[in-house]
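[1] I need the structure of the sequence given here:
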Amino acid sequence: MSEIFSLAALSVGSRDQHSKGLLNQIVIGNLKALGRLALKTFIYFEVVTTLALIFGLVAVNTIKPGSTGISQGKNYTVDTTQTFTYALWINHLTPKTWGEMMGGSGNSELLQVLVASILFGCATALVPEDHHKRTILNICSAVLNVMFKFVDIVIWLAPLAVMFSIANVVASAGGLSVLSTLGKLVATLYGTCLIFIIVVFGLVCLIFRINPIEFLAAIREPLIIGYTTATSEAALPKVFEALEAYGVSTEVTSFVIPFGYSFNLDGSTLYLSLAAVFCAQAAGVEKTIGEQIVMVLMLMISSKGVAGVRSASIIVLAATVAQFNIPAWPITIILGVDWFMDMMRTFTNVMGNCLAAVAMAKWEGEFRKDMLAEAREGLQTTTNVSNSTLGTADDVFIVSKDPEV
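    Have a look, this model is predicted:
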């Protein structure tokens with residue numbers, strides 16, 4: 001797990017020519033340039049992601065997909081000596097050692113790495129250009145690339161390990177009856193995401209006067225790529241192309257989309273609140289509404305570090321449930337169907353970020369589609385006037401050639 005934390009320290013967010021890791025974004029960007037668009041974008045992200053967490057929490061408590069079909073959790077004993085409190089939650093934000101900052105300690109948590117990354121990025125941004133700032137950035141980028149290659153190797157070997165792990169858990173957690181539980185979990189996620197899209201995204205379209213049919217038609221290609229590959233990363237280039245073709249200015253997309261890939265993953269945040277309570281239900285751990293709210297607050301912060309790569313939400317989920325005295329074995333069960341759930345949450349992530357960019361462009365008056373329509377209308381009017389004038393001149397010419405005149 002330590003290599004994942006190190007990866008998060010260097011890259012909290014997407015990685016490509018349009019979007020660097022969180023450290024590089026903070027350092028390269030001018031801290032004083034965060035103005036009106038940044039504030040509006042931040043407010044939008046927080047409101048929508050909070051609603052996503054609430055939707056997931058309501059759905060899992062209503063349907064209770066983890067309460068049946070699993071027998072292993074009946075024998076689980078809760079350790080009541082480790083009660084998670086608000087004070088302990090705040091304490092978890094602060095890394096105590098350099099090892100915890102970079103994920104090298106056995107007690108490291110993703111949230112601590114995220115906080116350390118932000119602080120390190122801000123400190124590096126304040127370093128003068130002639131004091132090896134570029135060297136620091138180059139080192140971070142080089143280590144980042146190595147860590148991504150390392151994770152690629154692990155991913156290639158992971159299916160075999162997951163197969164044996166799932167077989168062991170299914171055999172000890174209720175046999176084939178666990179499959180019905182997984183089916184209920186997948187159906188709950190898909191249904192909740194669809195309701196979230198219709199209600200929340202529909203409300204955003206109504207507020208910002210966005211035609212949902214035209215919007216979906218414009219972003220259909222990145223949506224298909226995101227759903228079929230189950231990774232927001234693969235759809236990112238097409239997201240930029242589709243939004244700019246739709247009429248969103250480059251200034252808005254270059255700001256909103258990269259930060260949205262780290263801070264506005266609606267599908268992932270909805271999934272995290274749903275999956276965390278599912279793990280508690282499967283393990284037989286009773287959580288009060290108050291404890292679930294604290295867990296949602298924790299997820300709301302830690303989910304900001306979810307990368308745009310496949311199954312990254314599992315890492316955040318594992319790091320979070322451990323702080324609430326919930327065993328990790330239900331996550332192994334989820335891994336068996338995580339690919340199917342990842343497809344839907346990626347679909348929601350891509351749509352949510354595209355909608356955020358269009359909404360911010362509308363809010364800032366940077367939506368070129370309306371301006372282009374006005375320009376085309378003006379050009380058509382000018383053309384009609386020119387044709388009318390040309391026709392009059394031809395009539396005069398013909399009359400002047402009449403021999404009877």
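
[2] E286 belongs to a helix, doesn't it?
    No - looking at E286 with DSSP: H, G, I helix; E, B strand; the rest coil, it is coil, so not inside a helix.

[3] got phi/psi on it?
    When quoted as degrees, to the nearest 10, the phi and psi of E286 stand at phi -80, psi 130.

[4] and it, how many neighbours does it have?
    By the criterion of other Cβ atoms under 10 Å, E286 has 9 neighbours. Using the backbone N, CA and C atoms, a C-beta is placed for each residue, glycine as well.

[5] distance of it from Q292?
    10 Å (Cβ to Cβ, to the nearest Å).

[6] can you check T181 too?
    From T181 to Q292 the distance is 20 Å (Cβ to Cβ).

[7] more neighbours: the two, which one.
    T181 (22 against 18).

[8] state the distance from that one to N325.
    Counting by Cβ to Cβ - T181 and N325 are separated by 21 Å.

[9] again, but for I198
    36 Å.

[10] more neighbours, the two?
    Neighbours were tallied for I198 and for N325 using other Cβ under 10 Å; the higher tally belongs to N325 (18 against 11).

[11] quick one, grab the pLDDT at the more buried one.
    Reading off the confidence values, N325 has pLDDT 81.

[12] that one contacts V285, doesn't it?
    Yes - using Cβ atoms under 8 Å, N325 is in contact with V285, at 6.9 Å.

[13] mind showing which ranges of the stretch 151-300 of the chain have poor pLDDT?
    For the stretch 151-300 of the chain, the stretches flagged by pLDDT under 70 are 151-152, 154-155, 158-159, 162, 165-166, 169-170, 172-176.

[14] ranges for the helices of it?
    For the stretch 151-300 of the chain, applying DSSP state H, counting those that start in this stretch gives helices covering 177-196, 202-207, 212-218, 220-229, 232-246, 250-263, 266-283, 289-302.

[15] as TSV, these with distance to N168 would be great.
    Converted to TSV, these look like this (distance: least, Cβ to Cβ, whole Å):
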stretch	distance to N168
helix 177-196	12
helix 202-207	43
helix 212-218	43
helix 220-229	29
helix 232-246	31
helix 250-263	35
helix 266-283	15
helix 289-302	27
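
[16] among these, which comes closest to F164?
    helix 177-196 (15.8 Å; Cβ to Cβ).

[17] any idea how many residues pack against Y190?
    16.

[18] tell me how far it lies from I213.
    Taking Cβ to Cβ, one finds Y190 at 22 Å from I213.

[19] next: V58.
    Note on V58: its distance to I213, by Cβ to Cβ, is 28 Å.

[20] same drill for the two, tell me which one is more crowded.
    V58 (14 against 8).

[21] which SS class is the more buried one?
    Per three-state DSSP, V58 ends up helix.

[22] the one 3 residues further on now?
    Taking three-state DSSP as the rule, one finds N61 in the helix state.

[23] list the residues that contact the closest residue to it other than its chain neighbours.
    Spatial nearest neighbour of N61, excluding adjacent residues (Cβ to Cβ, 6 or more residues apart in numbering): V277 at 6.7 Å. With contact set as Cβ atoms under 8 Å, 6 or more residues apart in numbering, V277 has these partners: 57, 60-61, 66, 287, 292, 295.

[24] which of those residues lies closest to F120?
    M295 (27.3 Å).

[25] my guess is that closest one contacts A276. True?
    Yes - counting by Cβ under 8 Å, M295 touches A276, with 5.8 Å between them.

[26] spit out the residues that contact the two alike.
    320, 324.

[27] which of those two has more neighbours?
    Ranked by neighbour count (other Cβ under 10 Å), M295 and A276 place A276 first, with 28 against 25.

[28] list the contacts for that one?
    295, 299, 317, 320-321, 324, 326.

[29] any quick ChimeraX command for the buried ones out of these?
    The following ChimeraX line selects those of these that are buried, judged by 16 or more other Cβ atoms under 10 Å:
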select :295,299,317,320,321,324,326
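
[30] please flag which of the contacts of A276 sit within helices.
    295, 299, 317, 320-321 (DSSP state H).

[31] give me the phi and psi for A230.
    Taking degrees, to the nearest 10 as the convention, A230 sits at phi 60, psi 30.

[32] look at it and say how many residues are nearby.
    So A230, with other Cβ under 10 Å, has 20 neighbours.

[33] ok, the nearest residue to it once chain neighbours are set aside to T348 distance?
    Nearest residue to A230, sequence neighbours excluded (Cβ to Cβ, 6+ apart): D342, at 4.2 Å. Separation of D342 from T348 (Cβ to Cβ) stands at 11 Å.

[34] for G56, same thing?
    Taken as Cβ to Cβ, the span from G56 to T348 is 11 Å.

[35] which neighbours do these two have in common?
    L270.

[36] element containing the nearest residue to C279 once chain neighbours are set aside?
    Excluding its sequence neighbours, the residue lying closest to C279 (Cβ to Cβ, 6+ apart) is P330, at 4.1 Å. Using DSSP states H and E, P330 sits within helix 329-335.

[37] pLDDT of the helix or strand just after that helix, averaged?
    Using DSSP H and E, the helix or strand that follows helix 329-335 towards the C-terminus is helix 338-364. Averaged over helix 338-364, pLDDT sits at 92.

[38] what's the angle between helix 338-364 and helix 220-229?
    Using axes from the mean of the first three to the mean of the last three Cα atoms, to 10 degrees, the inter-axis angle of helix 338-364 relative to helix 220-229 is 160 degrees.

[39] in helix 338-364, which residues are buried?
    Those buried within helix 338-364 under the rule 16+ other Cβ under 10 Å are 338, 341-364.

[40] can you give me the angle it makes with helix 177-196?
    Using the same axes, to 10 degrees: helix 338-364 against helix 177-196 is 10 degrees.

[41] quick one: work out the angle between helix 338-364 and helix 266-283.
    140 degrees.

[42] give me the number of residues near F208?
    F208 has 15 nearby residues by other Cβ under 10 Å.

[43] also P258?
    24.

[44] kindly report the same for A217.
    The burial count for A217: 11, using other Cβ under 10 Å.

[45] what's the answer for E244, then?
    16.

[46] ok, H131 next?
    Count around H131 with other Cβ under 10 Å applied: 10.

[47] next one: G365
    9.
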